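Peer 1: any chance you could fold what I've pasted below:
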Amino acid sequence: MESGPMLGQTEIHEIAVGLLDVLAYLHGRAPPVIHRDIKPSNVLLRANGTPALIDFGGVRAWQPRGAAGATVVGTFGYMAPEQFAGQAGPTSDLYALGATLLHLVTGHPPSDFPFDAGRIEIPDDLPTDRPLADLIEALLRPAPRDRPSTAQAARDLLTNPAPRKATQISTSHSMPAAVAQPRKAVFGESGEPRFVHMGDPPRDPRGEFRDVYRNLMHPLFPARRAWSDAEHVFWIGFVGAASIVTLGGAPAVYGLLLRKRRKKYDDLFRHGLFTTGTIRSIPGADIGMSTMIKYEFEVGGTSYLGYMQQPGEMARYWSASDTVAILYDPEDPSRSCIVYR
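Peer 2: Okay, the predicted model is just below:
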């Protein structure tokens, strides 16, 4: 299908329904069968126009999370975020189908679209009808729990769309519905922490990911704050007052904290390998206090737990089961950290 002629809207609808029926069959086996590499080049159109999935070389029976032996299979741009951690389930195939449909509708591969907010940013002017556009948006949600849970549920979105309310907020290229609009302020930018794909090392702290580096090294004064302008002004005033009262002792303590964080995380930032992980727990905390985030990721079929101290305000945006970006030491994966921008 990748090398065939451009398809019309009716044909794309029929392909979407046909592939969802195929996935409903595969995922309905006991245990469910996961393809893991759905993309245009792995879809053939029969003479009667119905689609067929090919290349089952990466197929596997579904295993519960935490099962040993998982490997990363898929194609960048089409594979779901959780597959970077070796985790794949029925909703991972649905994500890949959404990326495939986006390619068919626009003529552009998913990698051509911005990914700054931790998800493919879908233009709000897709050249298709609203039911198909809504289906693509639903299938491409980054968290598996936010996608349709089954192929049948996804099929219903397309064939039996719910009436749209006049007040419904649409997902746009510039403002995905799942991401809060950052606020520009005198003291920097505030808003929801964003997923970032770190690519391959080495990385320059003053280069493309300099904001990620600052977020990692400066818990009180990051490039992106999880707290409001008013709270930030309060803490600047508090630190200033503490500096005077302690005769410079407070800045010295904070400087010691920065040196410890650089010693712990600088090499990970520069040379660590990138993967994705899942938050296991993130206790809430009072404003200005820190919280210890527990997260899990997988390397070579082995699961690792990590712990990282972050401002307590992160609990406003992150919760258990959310996907986060991870850097880890390839020689000792137990050394790791969460990064964001």
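Peer 1: was I right to think residue 86 contacts residue 301?
Peer 2: Yes: taking contacts as C-beta atoms under 8 Å, residue 86 lies within contact range of residue 301: 6.9 Å. C-betas here are computed from N, CA, C, even on glycine.
Peer 1: of these two, who's got more company?
Peer 2: Neighbours were counted for residue 86 and for residue 301 using other C-beta atoms under 10 Å; residue 86 has more, 21 against 11.
Peer 1: now the more buried one: phi and psi?
Peer 2: For residue 86, the backbone dihedrals (degrees, to the nearest 10) come out as phi 80, psi 10.
Peer 1: which stretches of the stretch 1-150 of the chain form strands?
Peer 2: Applying DSSP state E, counting those that start in this stretch to the stretch 1-150 of the chain gives strands spanning 33-34, 43-45, 51-53, 60-61.
Peer 1: what lines up beside the first one in the sheet?
Peer 2: The pairing partners recorded for strand 33-34 under DSSP bridges are strand 60-61 (antiparallel).
Peer 1: let me see the mean pLDDT of the strand it pairs with.
Peer 2: Taken as a whole, strand 60-61 has a mean pLDDT of 52.
Peer 1: got it, and stretch 305-312?
Peer 2: 85.
Peer 1: and for stretch 119-138?
Peer 2: The average pLDDT within stretch 119-138 is 88.
Peer 1: so how far is it off the chain centroid?
Peer 2: 18 Å (C-alpha atoms, centre = their mean, to the nearest Å).
Peer 1: got it, and stretch 79-88?
Peer 2: Offset of stretch 79-88 from its chain centre (C-alpha atoms, centre = their mean): 10 Å.
Peer 1: tell me the centre residue of the protein?
Peer 2: Centroid-nearest residue in the chain, with C-alpha atoms, centre = their mean: residue 118, separated by 4.3 Å.
Peer 1: so that residue sits against residue 141, correct?
Peer 2: No: shown here, residue 118 and residue 141 do not form a contact pair, counting by C-beta under 8 Å, at 10.5 Å.
Peer 1: can you put the strands of the stretch 1-150 of the chain in a markdown table and add mean neighbour count and distance to residue 128?
Peer 2: Below are these laid out as a markdown table (neighbours: other C-beta atoms under 10 Å; distance: least, C-beta to C-beta, whole Å):
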| stretch | mean neighbour count | distance to residue 128 |
| --- | --- | --- |
| strand 33-34 | 22 | 27 |
| strand 43-45 | 17 | 17 |
| strand 51-53 | 17 | 17 |
| strand 60-61 | 14 | 32 |
